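*Asks:* sharing a model that was predicted from the sequence below.
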Amino acid sequence: MNQNSGDSIRHYVDTVVNKSFLILDQIHESYFPFLEKSIYLSTNSMVEKIDKAKVSKTEFIIQQRIKHVVENCDQLQFIIAKLPTADPSRTDLLNRIDQLR
């Protein structure tokens, strides 16, 4: 793998992870405002809470966005596997994906 493709992968993954965190922050602040800032719901627990609620149009949209973030995590993990094992950013990117989940 050449340096440019490695940089391209790192940049793409980093961009998607940052956007995913932004989506989750927006959902957390608007849909779960009653929770303290120190209590952060994982994507899976957000989906469970929404599944148990009566699903309105807004809730459905939120649920779809959360599921999109989870799907992104799976796709990004596959993309990161293309980076060399010795690449120091590989571990960092995988850790960021784990934080999203």
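*Replies:* Perfect, thanks for sending it.
*Asks:* how about D87, phi and psi?
*Replies:* Main-chain dihedrals, D87, degrees, to the nearest 10: phi -70, psi 120.
*Asks:* now do the contacts for the nearest residue to it once chain neighbours are set aside.
*Replies:* Spatial nearest neighbour of D87, chain neighbours left out: G6 (6.5 Å); criterion: Cβ to Cβ, 6 or more residues apart in numbering. In this view, the C-beta of every residue, glycine as well, is placed from N, C-alpha and C. By Cβ atoms under 8 Å, 6 or more residues apart in numbering, the contact set of G6 is 83-84, 87.
*Asks:* mind checking which of these are buried?
*Replies:* 83, 87 (16 or more other Cβ atoms under 10 Å).
*Asks:* so can I have TSV of the contacts of G6 showing pLDDT and distance to V70?
*Replies:* TSV is the format used below for those (pLDDT from 0 to 100; distance: Cβ to Cβ, whole Å):
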residue	pLDDT	distance to V70
L83	82	21
P84	83	27
D87	83	25
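*Asks:* Q77: which of the contacts of G6 is nearest?
*Replies:* Distance to Q77, by Cβ to Cβ, is smallest for L83 among the contacts of G6, at 11.1 Å.
*Asks:* work out for me the element the closest one sits within.
*Replies:* Under DSSP states H and E, no helix or strand contains L83.
*Asks:* from the contacts of G6, pick the one nearest L93.
*Replies:* L83 (7.7 Å).
*Asks:* my read is that the closest one contacts D7, right?
*Replies:* No: the criterion here is Cβ atoms under 8 Å, and L83 misses it with D7 at 10.2 Å.
*Asks:* just give me the neighbour total for the closest residue to S89 other than its chain neighbours.
*Replies:* Residue nearest to S89 in three dimensions, not counting chain neighbours: R10, with 5.2 Å by Cβ to Cβ, 6+ apart. Neighbourhood size, R10 [other Cβ atoms under 10 Å]: 18.
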